[in-house]
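Student: generate coordinates for the sequence data below:
(one chain, ligands or ions: 1)
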Amino acid sequence: MSNTATAPNPVNSLPPSPKKAHWFFGNVWYLLKGPIDYLKECSEQFNGIFRLTSRFLKMVVVTEPEYVKHIMQDNNRNYTKWFKNDVLELILGHGLLTSEGDFWRKQRRLAQPAFHKERLARMVDTMVNCTQKQIEKLEQLPGKKNLDISKEMMELTLNIVAEAMFSSEVKGAIDVVSHEIEEVSVMATARFNNPLRLPIRYPTPANLRERKSIKNLDDVLNPIIRERRKSTEHFDDLLAMLMEAKDEDTGEQMNDRQLRDETMTIFLAGHETTALALSWLWYLLDNNPVPAQKLYDEIDAVTQGRTPTLEDLQRMPYTRMVMDESLRLYPPAWLIMRENIEDDEVGGYRIVKGTTVLIPVYTIHHDPRLWDEPEAFRPERFSKENAKSHHRFAYFPFGGGPRQCIGNNFALMEMQLIIVMMLQKFRFKVSAGFMPEMHPMVTLRMKNGMRMDIERRT
Ligand code: HEM
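Tutor: Now for the predicted structure:
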């Protein structure tokens, strides 16, 4: 590929690496201590690609959009997902997030129609009803002060994905699944933090707890799938769509094991990211009163206080711009990771096979070479006229290339409905003395949640 961003360099040399290095752990020491600041510092020093030294891993970071495109799109077949970890495999099996190659391609083809826009339109009612229930819950809270709003958003998005998947036919099961999925997410995050933890086959107390949660999930999901197979009733939910999906060429359908893996994957991938996106958005609105007012005005003018419809959402361009800008500043999937199967050349540098390639979405979304005043919250960047001015891989909260998020339209519709309905009623204010702190794990969490007071707008 062409070398657009780096200075000429000896062909096939390794990318440059920062001088500052820990005597034992190399550069990676600084990455682990504070990834957001360190990646920013390095990306300012290098031109789109650099290497981080470590005794244990070959690691390269890519921040130039054209190079990101090469890895995620043009040469994507040379790159696999990075997280090969026994717990994720146990939880998600061979679901979309964790599978590779031909198997992944076949599953993706089968699952894709369930996420088409016209199918998603049928989920508006589910999303509206769940949001309405959450609003009623918030309205009944005494005081409405110093609340961790990220917990409320997590509860809401998990309910939405559960109902979208199984309808409300299995209410009791949804509660168990919600609870266990939350447990498993916390445990998966703890494991991500501590790579030295013993593999799940060892019966340590933490591993036994993890295994128990996974078993509880299986005990709920498997009977639902079995019952559905026998049922003659008509369902219009994600599970029904996944069950009906047929491979165009072979006529093959998903078996029970594949259905279990895909439902589990969609649960896990489909709630925390959206909840974090909303929590950061409430925070940004409180800090940016002028765009916030513009947003309230659009919502009030279009809906006149009634429950929003899909057509209403299409008439709210500013709401969408606010969402885009918020996903730029706080992308929930802040870091994408890959590993190359064969040697590759990126920006004139050699990427040795088996290298862990980091694509720091957050760093790219904040790069002053790509964005004017990158820290400023300016929804106008995403107006119809301006949106086309940035590179496809300068802004990619949902990833890109063939492994792009399958739930992106689901998430955008869900976020927009929640924003409109919540802001018809409430204004979210950061609680006095609270300052959210980024906690970059698998997703871009906050260290101590998002403490907010809820004021009534109407
Ligand atoms: C704001 C919310 C969301 C964000 C920011 C987000 C982000 C992403 C990103 C960046 C990827 C690609 C990861 C990579 O390339 O390594 C991804 C994949 C995926 N997402 Fe999302 N996501 C969101 C919501 C959802 C929802 C609502 C669902 C399901 C209902 C979902 C299901 C998935 C699945 C199944 C994959 C794997 C796709 C594949 O590899 O074929 N996501 N997501």
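Student: so Ile91 makes contact with Phe267?
Tutor: No - Ile91 is not in contact with Phe267 according to Cβ atoms under 8 Å; the separation is 9.7 Å. Any C-beta I mention is one placed from the backbone N, CA and C, and that applies to glycine too.
Student: who has more neighbours, the two?
Tutor: More crowded of Ile91 and Phe267, by other Cβ atoms under 10 Å: Ile91, with 28 against 25.
Student: that one - that's part of a helix, no?
Tutor: Yes - counting by DSSP: H, G, I helix; E, B strand; the rest coil, Ile91 is found in a helix.
Student: for Lys388, give me the pLDDT.
Tutor: The predicted structure scores Lys388 at 87 on the pLDDT scale.
Student: can you list the low-confidence ranges for the stretch 51-200 of the chain?
Tutor: 83-87, 168-171, 192-193, 195 (pLDDT under 70).
Student: where do the strands sit along it?
Tutor: Counting by DSSP state E, counting those that start in this stretch, the stretch 51-200 of the chain has strands at residues 59-62, 79-81, 147-148.
Student: most tightly surrounded among those strands?
Tutor: Most buried of these by mean neighbour count (mean count of other Cβ atoms under 10 Å) is strand 59-62; its value is a mean of 25.
Student: quick one: it near the ligand?
Tutor: No - using Cβ under 6 Å from any ligand atom, strand 59-62 stays clear of the ligand, coming no nearer than 13.3 Å.
Student: parallel or antiparallel, which strands does that strand pair with?
Tutor: Note on strand 59-62: by DSSP bridges, its sheet partners are strand 49-52 (antiparallel), strand 356-359 (parallel).
Student: buried deepest among those strands, which one?
Tutor: Ranked by mean neighbour count, the strands paired with strand 59-62 are led by strand 49-52 with a mean of 24 (mean count of other Cβ under 10 Å).
Student: out of the strands paired with strand 59-62, nearest to the ligand?
Tutor: Nearest to the ligand, of all the strands paired with strand 59-62, is strand 356-359, at 8.3 Å by Cβ to the nearest ligand atom.
Student: off-centre distance for that closest one?
Tutor: Mean-position distance between strand 356-359 and its chain equals 17 Å (Cα atoms, centre = their mean, to the nearest Å).
Student: hmm, who's touching it?
Tutor: 39, 52, 57-62, 68, 71-72, 79, 82, 335-340, 351 (Cβ atoms under 8 Å, 6 or more residues apart in numbering).
Student: and for stretch 216-234?
Tutor: 91, 166, 170, 173, 176-177, 180-181, 184, 235, 239-240, 243, 256, 259-260, 263-264.
Student: same thing but 6 Å
Tutor: For stretch 216-234, the surrounding residues in contact (Cβ atoms under 6 Å, 6 or more residues apart in numbering) are 170, 173, 176-177, 180, 256, 259-260.
Student: stretch 398-406 too?
Tutor: For stretch 398-406, the surrounding residues in contact (Cβ under 6 Å, 6+ apart) are 72-73, 76, 115, 408.
Student: for His390, which non-adjacent residue is closest in space?
Tutor: Leaving out its chain neighbours, the residue that sits closest to His390 by Cβ to Cβ, 6 or more residues apart in numbering is Leu370, at 6.8 Å.
Student: in a strand, that neighbour, correct?
Tutor: No - under three-state DSSP, Leu370 sits outside any strand and is assigned coil.
Student: about what we covered before: so which of the contacts of stretch 398-406 is surrounded by the most neighbours?
Tutor: Met72 (24 neighbours).
Student: report the separation between that one and Lys215.
Tutor: The spacing between Met72 and Lys215, counted by Cβ to Cβ, to the nearest Å, is 35 Å.
Student: now do Val68 against Ile181, distance only.
Tutor: Separation of Val68 from Ile181 (Cβ to Cβ) stands at 30 Å.
Student: those two: who's more crowded?
Tutor: Val68 (28 against 21).
Student: quick check: phi and psi at the closest residue to that one other than its chain neighbours.
Tutor: The spatial neighbour of Val68 that comes closest, neighbours along the chain excluded (Cβ to Cβ, 6+ apart), is Phe393 at 4.1 Å. With angles defined as degrees, to the nearest 10, Phe393 sits at phi -110, psi 20.
Student: for Phe393, what are its contacts?
Tutor: Listed by Cβ under 6 Å, 6+ apart, the contact set of Phe393 reads 65, 68-69.
Student: show me what from the stretch 251-400 of the chain comes close to the ligand.
Tutor: 265-266, 269-270, 273-274, 277, 332-333, 336, 397-399.
Student: in strands only, show me these.
Tutor: Counting by DSSP state E, the part of these found in strands is Ile336.
Student: need the per-residue pLDDT for the closest residue to Glu252 other than its chain neighbours.
Tutor: Counting by Cβ to Cβ, 6+ apart, Glu252 lies nearest to Lys246, which is 7.0 Å off, once chain neighbours are set aside. Listed pLDDT for Lys246 reads 92.
Student: so how far is Glu227 from Lys246?
Tutor: 21 Å.
Student: and the nearest residue to Gly26 once chain neighbours are set aside, how many neighbours?
Tutor: Excluding the flanking residues, the one nearest Gly26 by Cβ to Cβ, 6+ apart is Thr53, at 3.6 Å. By the criterion of other Cβ under 10 Å, Thr53 has 17 neighbours.
Student: now do the contacts for Thr53.
Tutor: Listed by Cβ under 6 Å, 6+ apart, the contact set of Thr53 reads 17, 21, 26-27.
Student: which one of those residues is nearest to Asn288?
Tutor: The closest of the contacts of Thr53 to Asn288 turns out to be Asn27 (Cβ to Cβ; 35.5 Å).
Student: distance of Arg105 from the ligand?
Tutor: Separation of Arg105 from the ligand (Cβ to the nearest ligand atom, to the nearest Å): 9 Å.
Student: which residue is the nearest non-sequential neighbour of that residue?
Tutor: Per Cβ to Cβ, 6+ apart, closest to Arg105 is Pro402, 8.0 Å.
Student: next: Ser43.
Tutor: Among residues not flanking Ser43 along the chain, Thr63 sits closest, at 4.5 Å (Cβ to Cβ, 6+ apart).
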